[in-house]
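*Asks:* Take this sequence and fold it.
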Amino acid sequence: MSPRWEPNPDIRRGRSVVYSLHAHLVFVPRYRRGVFTDEILTRCEEIMREVCEKANAELREFNGELDHVHLLIHYPPQVKLSTLVGSLKGVSAHYLRKEYADHIRKYLRDAHFWSPSYFAASAGGAPLSVIKEYIEQQKGPL
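*Replies:* All right, here's what the predicted structure looks like:
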């Protein structure tokens with residue numbers, strides 16, 4: 001390796017791929033009820049970290065408020081984002097409902113914890129305008 005090369009933790013290498021995939025996710029509880037306390041948010045983060053580890057992904061950041069949570073996830077190309085979201089929501093809902101049943105029952109009466117929808121955006125890397133300009137400036141075959 002070149003002595004000028006510095007490892008970048010955002011760029012991972014696989015057998016036939018070099019990648020840096022990040023996603024910003026936002027989940028809200030059913031009916032956007034203010035169900036989260038500091039204790040529940042902390043437990044939710046622990047659960048979601050475990051789910052990410054099992055999926056070979058990394059939960060880089062986690063935070064939330066009374067009625068939603070934000071996640072920044074670094075994941076490999078083999079992981080289908082919608083499958084990871086399903087696992088994150090399903091496993092966390094199971095454990096949170098089990099461990100905080102009395103508190104959650106005050107806000108959510110039915111069997112569902114999370115809203116079926118979610119927000120997902122790619123994050124990191126160059127802005128789209130820079131990538132577009134770079135591609136436009138490529139020289140075609142002569």
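
*Asks:* Just the mean pLDDT for the helix or strand containing residue 61, thanks.
*Replies:* Element membership for residue 61 (DSSP states H and E) is strand 58-65. In this model, strand 58-65 carries a mean pLDDT of 94.

*Asks:* do the same with stretch 133-140
*Replies:* In this model, stretch 133-140 has an average pLDDT of 78.

*Asks:* ok, residues contacting the strand holding residue 61?
*Replies:* 22, 36, 41, 44-45, 48-49, 52, 69-75 (CB atoms under 8 Å, 6 or more residues apart in numbering). Using the backbone N, CA and C atoms, a C-beta is placed for each residue, glycine as well.

*Asks:* and if you look at stretch 105-119?
*Replies:* With CB under 8 Å, 6+ apart as the criterion, stretch 105-119 contacts 24-35, 85, 89, 92-93, 96-97, 104.

*Asks:* let's see it at 6 Å
*Replies:* Taking contacts as CB atoms under 6 Å, 6 or more residues apart in numbering, the residues outside stretch 105-119 that touch it are 26, 27, 28, 30, 33, 35, 85, 89, 93, 97.

*Asks:* Looking at the second one now. What's its pLDDT?
*Replies:* Which is residue 27. pLDDT at residue 27 comes out at 97.

*Asks:* same question, the last one
*Replies:* With respect to pLDDT, residue 97 has a value of 94.

*Asks:* can you pull the buried residues of the helix or strand that contains residue 130?
*Replies:* Per DSSP H and E, residue 130 falls inside helix 128-136. Neighbour counts over helix 128-136 (16 or more other CB atoms under 10 Å) mark no residue as buried.

*Asks:* could I get it in CSV with only the CA atoms?
*Replies:* Output of helix 128-136 as CSV, limited to C-alpha atoms (Å, rounded to 0.1, in the frame of the first residue of the first chain):
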residue,chain,number,x,y,z
LEU,A,128,-26.1,14.7,-7.1
SER,A,129,-25.1,17.9,-8.9
VAL,A,130,-21.4,17.1,-8.5
ILE,A,131,-21.9,13.5,-9.7
LYS,A,132,-24.0,14.6,-12.7
GLU,A,133,-21.3,17.1,-13.7
TYR,A,134,-18.6,14.5,-13.4
ILE,A,135,-20.5,12.1,-15.6
GLU,A,136,-21.2,14.8,-18.2
